[in-house]
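K.L.:
structure of the sequence below:
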Amino acid sequence: TNLGNAEDYMRVATNVSTVYENVLALGRGLAPEHVFSFASATMPVLAVVFASGGAPVHLYHGDAPPLLTATQLAVLARLGGNLTCHSGSPPQGAPRPSADA
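P.N.:
Residues are numbered from 1 along each chain as shown. Below is the predicted model of the structure:
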């Protein structure tokens, strides 16, 4: 529908998404409460940006086009988000997220 998937907006868990999140978590050695699935490509990134409390978030998108346009990044900044999109891979020695985070 034009409204999208309710799970992306209100986090209304279904049995399918809950099982999927548990499988992802256990397969990667993470606690299930640290794993969320989204039906869109954008919402997971926005969730991290908003959860960062204004701290810079860097998104490396390889050869794919940037996830957000310059206009969308400007709107995100007005909402308090701090996202920078980079083509390619993270530089050697860049910090990596830990499983404890």
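K.L.:
tally of neighbours for the closest residue to Ala31 other than its chain neighbours?
P.N.:
Nearest non-adjacent residue to Ala31, counting by Cβ to Cβ, 6 or more residues apart in numbering: Ala25, 6.3 Å away. Where C-beta positions appear, they are placed from N, C-alpha and C, glycine not excepted. For Ala25, the neighbour count with other Cβ atoms under 10 Å is 16.
K.L.:
which helix or strand contains Ala25?
P.N.:
If you go by DSSP states H and E, Ala25 is part of helix 15-27.
K.L.:
and Pro91, by the same measure?
P.N.:
Short version: Pro91 belongs to no helix or strand, going by DSSP H and E.
K.L.:
neighbours around it, how many?
P.N.:
Count around Pro91 with other Cβ under 10 Å applied: 8.
K.L.:
distance check, it against His61.
P.N.:
15 Å (Cβ to Cβ, to the nearest Å).
K.L.:
got a list of what the residue nearest to Ala31 touches?
P.N.:
Under the criterion of Cβ atoms under 8 Å, 6 or more residues apart in numbering, the neighbours of Ala25 are 31-32, 34-35.
K.L.:
whichever of those end up buried, select them in PyMOL.
P.N.:
Buried residues among these (16 or more other Cβ atoms under 10 Å), as a PyMOL selection:
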select buried, resi 35
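K.L.:
of all the contacts of Ala25, which comes closest to Thr71?
P.N.:
In terms of Cβ to Cβ, no member of those lies closer to Thr71 than Val35, at 31.2 Å.
K.L.:
what residues are up against the closest residue in space to Asn22 that isn't next to it in sequence?
P.N.:
Excluding the flanking residues, the one nearest Asn22 by Cβ to Cβ, 6+ apart is Pro32, at 4.8 Å. Counting by Cβ under 8 Å, 6+ apart, Pro32 touches 21-22, 25-26.
K.L.:
counting neighbours, which of those residues comes out on top?
P.N.:
Glu21 (18 neighbours).
K.L.:
for Val23, see how far away the closest residue to it other than its chain neighbours is.
P.N.:
Distances taken as Cβ to Cβ, 6+ apart place Val35 nearest to Glu21, at 4.7 Å, with adjacent residues excluded. Val35 is 9 Å from Val23, where distance means Cβ to Cβ.
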